[in-house]
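In: Sequence and predicted structure below; questions after.
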Amino acid sequence: MSQQNLEKELDPYERKMLKLFKERGQMKFGQIIMRLGLSANHGQRVLNSLLDKELVVHGDGSRYCMPEHK
């Protein structure tokens, strides 16, 4: 499945998080949930889902990013 088709199947929070990564590059978990207004639990579930789908990777130190920004 292509990346574009996979992105169309994401839920709205996953799309918002990916858009944030595209705009800002690498971000720490706290920055992500503050920018999106998510609780820590909800933010972790969305982030884990994107990690499982390999749309986001754990970058340098405690930061997350999209694979091409690593």
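Out: Great, that's in hand. What you see is a predicted model; the values in this text were computed from it and never measured.

In: show me where this protein has strands.
Out: Under the criterion DSSP state E, the chain carries strands at the ranges 27-28, 57-58, 63-65.

In: The last one pairs with which strands?
Out: Partner strands and pairing direction for strand 63-65 (DSSP bridges) are strand 27-28 (antiparallel), strand 57-58 (antiparallel).

In: residue ranges of the helices in this structure, please?
Out: 3-8, 12-24, 29-36, 40-52 (DSSP state H).

In: any chance of these in CSV, with mean neighbour count and mean pLDDT too?
Out: (C-beta placed from N, C-alpha, C; glycine too.) Below are those laid out as CSV (neighbours: other Cβ atoms under 10 Å; pLDDT from 0 to 100):
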stretch, mean neighbour count, mean pLDDT
helix 3-8, 10, 69
helix 12-24, 15, 94
helix 29-36, 15, 96
helix 40-52, 15, 96
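
In: Redo those helices as JSON lines? Include distance to residue 66.
Out: Shown next, in JSON lines, are these (distance: least, Cβ to Cβ, whole Å):
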{"stretch": "helix 3-8", "distance to residue 66": "10"}
{"stretch": "helix 12-24", "distance to residue 66": "5"}
{"stretch": "helix 29-36", "distance to residue 66": "12"}
{"stretch": "helix 40-52", "distance to residue 66": "9"}
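
In: All good on my end, thank you.
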